[in-house]
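[1] Curious how this folds, go ahead:
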Amino acid sequence: MKLTPQDILSQKFTIKVKGYDKDEVNQLMVQAAQSLENEVLDRENMKKELERVREKLSQLQKREDVLRETLISAQKFSHEIKLNAQREADLVVKEAEIKAETIINSAIDRQRELKDEIRNLKFKRVEIENDIVGMLNSLRELIESYRKDDDAFEKIEYMAR
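    You can find the predicted model right below:
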């Protein structure tokens, strides 16, 4: 049976001869009731405080769960960003390599074209030099022919005189 401060205060004892002093007993009962009432109030306050602390703990645990989930999401997001950045970097490098290879191949082709053009120009120069030499030889022969003709003409003129 649960005893309350009111039970203590309302308790009546039978009076007997040579019993305890009624005032002392009543005073002790009042003190016991007050003490019990204080204990009950403290217990109620502690229950309320415990409930408040449990509620606060629950809120903190929820916050912790949210923070943990947020941290995990942030880590996943960070990892995805790193992967995407690495993929983009790899793609840029591959594109640069392809462009470089294209530029190099183009330069090699241009170099071949220039070499072919230089070779053709050398052949043409040799042809032109040969043509000039041939023309000079023809002119020399023509001049020599004119000289012979002049010599022959002078002989004819000399004889004619």
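[2] so is M159 in a helix, a strand, or just coil?
    Under the three-state scheme (DSSP: H, G, I helix; E, B strand; the rest coil), M159 adopts helix.
[3] What count of nearby residues applies to it?
    Using other CB atoms under 10 Å, the number of residues around M159 comes to 7. Where you see a C-beta, it was placed from the backbone N, CA and C, and this is true even at glycine.
[4] now it: how far from F153?
    11 Å (CB to CB, to the nearest Å).
[5] do M29 as well
    Separation of M29 from F153 (CB to CB): 179 Å.
[6] Which one of these two is surrounded by more residues?
    Using other CB under 10 Å, the more surrounded residue of M29 and F153 is M29, with 16 against 11.
[7] What is the helix-or-strand element of the chain with minimal mean pLDDT packed up against?
    Lowest by mean pLDDT, DSSP states H and E among the helices and strands of the chain is helix 5-10, with a mean of 78. Other helices and strands packing on helix 5-10, by 3 or more CB pairs under 8 Å, 6 or more residues apart in numbering; DSSP states H and E, are helix 22-160.
[8] I'd like to know how far E64 sits from T70.
    To T70, E64 is 10 Å away according to CB to CB.
[9] Likewise for L57?
    From L57 to T70 the distance is 20 Å (CB to CB).
[10] just V25 next, same as before
    Distance from V25 to T70, by CB to CB: 66 Å.
[11] Among the two, which residue is more densely surrounded?
    A direct count of neighbours by other CB under 10 Å for V25 and T70 places V25 higher, at 13 against 10.
[12] contacting residues around the more buried one?
    Listed by CB atoms under 8 Å, 6 or more residues apart in numbering, the contact set of V25 reads F13.
[13] pLDDT weak spots in the protein?
    1, 160-161 (pLDDT under 70).
[14] Now with 90, please.
    Applying pLDDT under 90 to the chain flags residues 1-37, 39-40, 146, 148-161.
[15] ok so, going back, would you mind listing the outside residues contacting the least confident helix or strand of the chain?
    With contact meaning CB under 8 Å, 6+ apart, helix 5-10 is reached by 29-30, 32-34, 36-37, 40.
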